[in-house]
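1. Build me a model from this:
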Amino acid sequence: MRLGDLDYELPPELIAQEPAAERSAARLLVLDRATGAIRHDRIAGLPAMLRRGDLLVLNDTRVIPARVRGRRPTGGRVEVLVCEPVDVSRGIWTVLAKGAARVGERVHFADGGGEWIRDLGEGRWHLRLDVGRPVLAWLETAGEVPLPPYIRRPEGPSAADLDRYQTLFARVPGAVAAPTAGLHFTPALLGALEEAGVAYVFVTLHVGPGTFLPIRTDDLADYRMAPERYAISASAASAIGRALREQRRVVAVGTTTVRALESAAVRGDALAGAGEAGLFIQPGHEFRVVGAMLTNFHLPRTPLLAMVAALAGWERVRAAYEEAVRARYRFYSYGDAMLIV
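-> A predicted model of the protein is given here:
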């Protein structure tokens with residue numbers, strides 16, 4: 001595929017600026033990847049749409065307040081997204097920087113500072129942080145919720161964002177963006193799924209730049225994703241392996257879960273363990289674990305849309321997106337969802 005193939009027309013007013021009134025109130029477009037059939041439902045109806053025996057896999061990463069604002073020695077403004085640790089003992093982290101930066105130059109933050117160590121390209125840097133305490137603890141007071149740029153908050157994230165841009169089962173701090181398909185789930189919905197015979201387990205993938213950096217190559221075969229850290233527990237791997245052996249369907253909640261599972265499967269037969277998910281899933285990928293996926297609607301020309309096209313076929317996905325636009329679905333992080341079966 002070419003990058004230009006992963007495109008569609010979206011009226012700007014369909015980009016959700018606020019979450020649904022209730023987490024499980026979002027609309028749901030159901031796409032049958034075998035036939036291309038489309039129907040409309042609600043997230044709350046998910047227990048009736050899945051099969052008894054299905055295994056749901058969710059991502060329990062926790063979004064950290066990763067966005068911090070600082071100044072250069074000249075007074076110029078710098079905005080930094082603190083992404084992942086490189087050397088914890090020396091305080092070196094990979095960051096995304098907006099604003100001028102130079103190797104060896106200092107940057108000043110509230111209650112701390114840093115030094116630019118290495119330019120990785122596309123705004124990615126190694127930054128040594130001098131904050132006098134663990135970086136995650138410092139971010140809790142100095143940082144803010146890293147909402148994506150298409151959610152417009154001129155005054156910064158609202159109090160509601162602190163709650164709603166986080167899954168209710170978020171457990172392991174480390175993500176710089178929410179695994180948004182998981183935002184729709186409540187304890188009541190998970191309970192209803194269990195009653196319907198659908199079990200669930202958690203894996204962890206810390207959402208980083210690999211998820212949202214744009215594709216800059218025209219030929220998708222030339223694209224290389226920035227890897228993201230993941231971990232799959234022995235108990236989760238055992239449940240997933242048992243479902244596969246018994247030919248029960250593994251239903252991934254979100255593209256991050258898909259990448260964790262498929263990256264682990266490419267690595268070897270044993271899914272359990274920690275690693276880096278750098279697998280770029282595009283049309284032609286052979287899915288080894290995932291049989292169905294719940295996901296939000298994604299931006300054009302992105303790795304996430306390529307993954308959805310890999311599972312369902314781009315022509316059917318494009319038709320589904322056109323139907324979602326026609327039916328006035330809400331798009332992106334705070335928007336509605338799509339179930340591919």
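2. Tell me the bridge partners for the closest residue to residue 64 other than its chain neighbours.
-> Nearest residue to residue 64 in three dimensions, chain neighbours excluded: residue 173, at 5.1 Å (C-beta to C-beta, 6 or more residues apart in numbering). (C-beta placed from N, C-alpha, C; glycine too.) Beta-bridge partners for residue 173, by DSSP bridges, are residue 62.
3. Can you get me a residue count around residue 173?
-> 15 (other C-beta atoms under 10 Å).
4. Let me see the ranges of the strands in the stretch 1-150 of the chain.
-> 27-31, 38-42, 55-59, 61-63, 67-71, 77-87, 92-98, 106-109, 112-121, 124-130 (DSSP state E, counting those that start in this stretch).
5. and the longest one, average pLDDT?
-> Averaging the model's pLDDT scores along strand 77-87 yields 95.
6. now it against strand 92-98, angle please.
-> Put simply, strand 77-87 runs at 150 degrees to strand 92-98, going by axes from the mean of the first three to the mean of the last three C-alpha atoms, to 10 degrees.
7. and the angle for strand 77-87 with strand 124-130?
-> 80 degrees.
8. Distance across stretch 226-244, terminal residue to terminal residue?
-> 29 Å (C-alpha to C-alpha, to the nearest Å).
9. which stretches of the chain aren't confidently modelled?
-> Within the chain, no stretch falls below the threshold (pLDDT under 70).
10. Could you list the domains of it?
-> Following automatic domain parsing, one gets these domains for the chain: 3-63+162-340, 67-143.
11. With respect to burial, which of the ones you listed scores highest?
-> Among the domains of the chain, domain 3-63+162-340 has the highest mean neighbour count (mean count of other C-beta atoms under 10 Å), at a mean of 19.
12. first to last residue in that one, what's the distance?
-> Per C-alpha to C-alpha, domain 3-63+162-340 runs 22 Å from first to last residue.
13. if we can go back for a sec, just so I know, which of the domains of the chain lies nearest residue 152?
-> Nearest to residue 152 among the domains of the chain is domain 3-63+162-340; the distance by C-beta to C-beta comes to 6.4 Å.
14. need the helices for the chain, in chain order.
-> 46-49, 135-142, 159-164, 187-195, 209-212, 234-245, 255-267, 303-312, 314-326 (DSSP state H).
15. wait, which of those helices is closest to residue 91?
-> Among the helices of the chain, the nearest to residue 91 by C-beta to C-beta is helix 135-142 (6.6 Å).
16. So what's the gap between that closest one and the chain middle?
-> Relative to its chain's centre, helix 135-142 lies at 22 Å (C-alpha atoms, centre = their mean, to the nearest Å).
17. Check stretch 197-213 too.
-> Its chain's C-alpha centre and that of stretch 197-213 lie 7 Å apart, by C-alpha atoms, centre = their mean.
18. distance from the centroid: which residue in this structure tops it?
-> Using C-alpha atoms, centre = their mean, the residue of the chain lying farthest from its centre is residue 74. It sits 35.5 Å away.
19. In contact with it, which residues?
-> Contacts for residue 74 (C-beta atoms under 8 Å, 6 or more residues apart in numbering) come out as none.
20. Now do the phi/psi pair for it.
-> Here is the backbone geometry of residue 74 (degrees, to the nearest 10): phi -80, psi -10.
21. on that earlier part again, export the domains of the chain to a markdown table and tack on distance to residue 155?
-> Shown next, in a markdown table, are those (distance: least, C-beta to C-beta, whole Å):
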| stretch | distance to residue 155 |
| --- | --- |
| domain 3-63+162-340 | 14 |
| domain 67-143 | 13 |
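22. which one is residue 290 nearest to, not counting chain neighbours?
-> residue 252 (4.7 Å).
23. Tell me if I'm right that that neighbour and residue 57 touch.
-> Yes - assessed by C-beta atoms under 8 Å, residue 252 is found in contact with residue 57 at 5.3 Å.
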